[in-house]
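> model this:
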Amino acid sequence: MPTVAPLDLEGHCIAAVFLGGVPHFALADGTIHRLDHGHKTLAVHDGLLCATLDQSGSRLITGGEDGRICASSGDATEVLAEAGRKWIGSVACGPQGAIAYAAGRSAFVRFADGRTREFQHPRTVEGLAFSPKGMRLGVARYNGVTLHFPATDGKPAELEWAGAHTAVTFSPDGNFVVTAMQENALHGWKIADGKHMRMTGYPAKVKSLSWSAKGRWLASSGAQAAIVWPFQAKDGPMGKAPLELGTRGNAMVTCVACHPSQDIAAIGYDDGMVMAVRFADTKEVLLRRPGKGAITAMMWDDEERRIAFGAETGDCGVIDIAG
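Numbering: from 1, shown residues only. All right, here's what the predicted structure looks like:
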């Protein structure tokens with residue numbers, strides 16, 4: 001039977017991650033909390049807006065309302081860059097220690113040696129993601145995605161689709177790029193030929209995306225079930241119906257986190273419930289009963305037995321699925 005170790009905090013949880021096996025929770029008030037032989041707190045930002053793990057999994061990279069981009073681990077915080085008075089709306093981590101961040105209409109890439117490159121856009125940069133293959137940065141913007149090659153002076157590639165694109169992700173094999181849109185939909189492109197993929201029918205905005213272990217599936221929030229699109233075929237999910245996992249008639253899925261090695265997803269709901277569901281047979285296991293607010297962040301640990309979670313109300317904790 002799964003057990004839950006609760007951590008009752010105050011405020012919206014932006015990220016719940018494991019750093020070196022230690023659960024960390026980044027809150028919108030700018031604090032990072034960790035459960036490391038007791039509850040410890042680190043004040044990092046004057047208002048925290050976004051957070052992600054670096055590719056080594058050893059630092060939490062955050063951006064804030066204070067215009068700073070910070071790297072935190074344990075009790076230590078390093079300011080990596082500053083953007084003046086502009087809010088940092090998105091951060092992403094890439095290969096060779098590269099970090100990208102967005103401020104207004106500009107996307108910046110900071111290389112491991114401290115060099116920074118700026119890429120300007122006609123409209124606000126809404127989301128950032130690095131491709132898993134090579135040094136390529138995807139920028140979600142109004143009417144599509146721009147693909148930059150930060151290490152070269154080559155011209156960027158433009159992927160167009162009308163509407164506001166608010167988040168971006170690459171498939172683990174680097175063949176597809178998918179965005180969440182301001183309308184209740186996802187949109188995707190096959191990078192090789194620019195073919196479009198329309199993924200519609202959501203009753204709410206998609207706020208959470210997670211690729212399965214081998215990139216065969218893309219799980220998403222925004223409905224009464226986790227909507228899981230198949231990406232095994234060369235043209236992705238076109239012409240194929242998604243899986244609907246963990247359907248609940250009276251609750252919306254607000255967060256998804258795929259298992260590190262198996263086709264299983266942890267699914268968080270707007271009432272604080274967390275469930276694990278297997279793709280093959282839709283078998284469900286209740287991991288956490290409803291709590292005080294919507295689940296906004298989740299991550300599995302490297303040992304595949306614990307899940308850190310956070311909610312919009314500061315209702316956080318760690319689920320041990322082995323009990």
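> Give me the distance between stretch 262-276 and the centre of its chain.
15 Å (C-alpha atoms, centre = their mean, to the nearest Å).
> Can you give me the end-to-end span of it?
12 Å (C-alpha to C-alpha, to the nearest Å).
> Stretch 34-46 too?
Using C-alpha to C-alpha, the end-to-end distance of stretch 34-46 comes out at 18 Å.
> Identify the residues contacting it?
The contact list for stretch 34-46 (C-beta atoms under 8 Å, 6 or more residues apart in numbering) reads 5, 7, 19, 22-26, 30-33, 62-66, 68, 70, 72, 74-75, 77, 318. C-beta coordinates here come from the backbone N, C-alpha and C atoms, glycine included.
> how far away is Ile99 from Leu186?
Applying C-beta to C-beta, to the nearest Å, the value for Ile99 to Leu186 is 25 Å.
> Same check on Pro2?
From Pro2 across to Leu186, the span is 30 Å (C-beta to C-beta).
> got it, and Met199?
4 Å.
> just checking, what's the longest strand in the protein?
Using DSSP state E to define each element, the chain has its longest strand at strand 157-170.
> quick one, which of Pro2 and Leu186 is more surrounded?
The residue with more neighbours, out of Pro2 and Leu186, is Leu186; 24 against 17, by other C-beta atoms under 10 Å.
> Just the local confidence number for that one, please.
Note for Leu186: predicted pLDDT of 98.
> Tell me what it is bridged to.
Ala180, Met199 (DSSP bridges).
> Let me see the contact set for it.
Contacts of Leu186 (C-beta under 8 Å, 6+ apart): 178-180, 197, 199-200, 202, 206, 209, 220, 229.
> which among these end up buried?
178-180, 197, 199, 202, 206, 209, 220, 229 (16 or more other C-beta atoms under 10 Å).
> Quick check: Trp217 vs Ala233, distance?
12 Å.
> of these two, who's got more company?
Regarding Trp217 and Ala233, a neighbour count based on other C-beta under 10 Å identifies Trp217 as having more, with 22 against 11.
> Look at the closest residue to that one other than its chain neighbours and give its secondary structure.
Nearest residue to Trp217, sequence neighbours excluded (C-beta to C-beta, 6 or more residues apart in numbering): Val228, at 5.1 Å. Three-state assignment for Val228 (DSSP: H, G, I helix; E, B strand; the rest coil): strand.
> Near Val228, how many other residues are there?
26.
> Same check on Pro132?
16.
> again, but for Val44
22.
> got the phi/psi numbers for it?
Dihedral pair for Val44: phi -120, psi -50, per degrees, to the nearest 10.
> Next: Pro95.
Per degrees, to the nearest 10, the backbone of Pro95 is at phi -70, psi 160.
> just checking, it touches Ala112?
No. Distance between Pro95 and Ala112: 9.7 Å, which falls outside the contact criterion (C-beta atoms under 8 Å).
> and these two? which has more neighbours close in?
Neighbour count, other C-beta under 10 Å: between Pro95 and Ala112, Pro95 has more, with 15 against 10.
> List buried residues within the contacts of stretch 34-46.
Here, 16+ other C-beta under 10 Å leaves 7, 19, 22-26, 30-33, 62-66, 68, 70, 72, 77, 318 buried among these.
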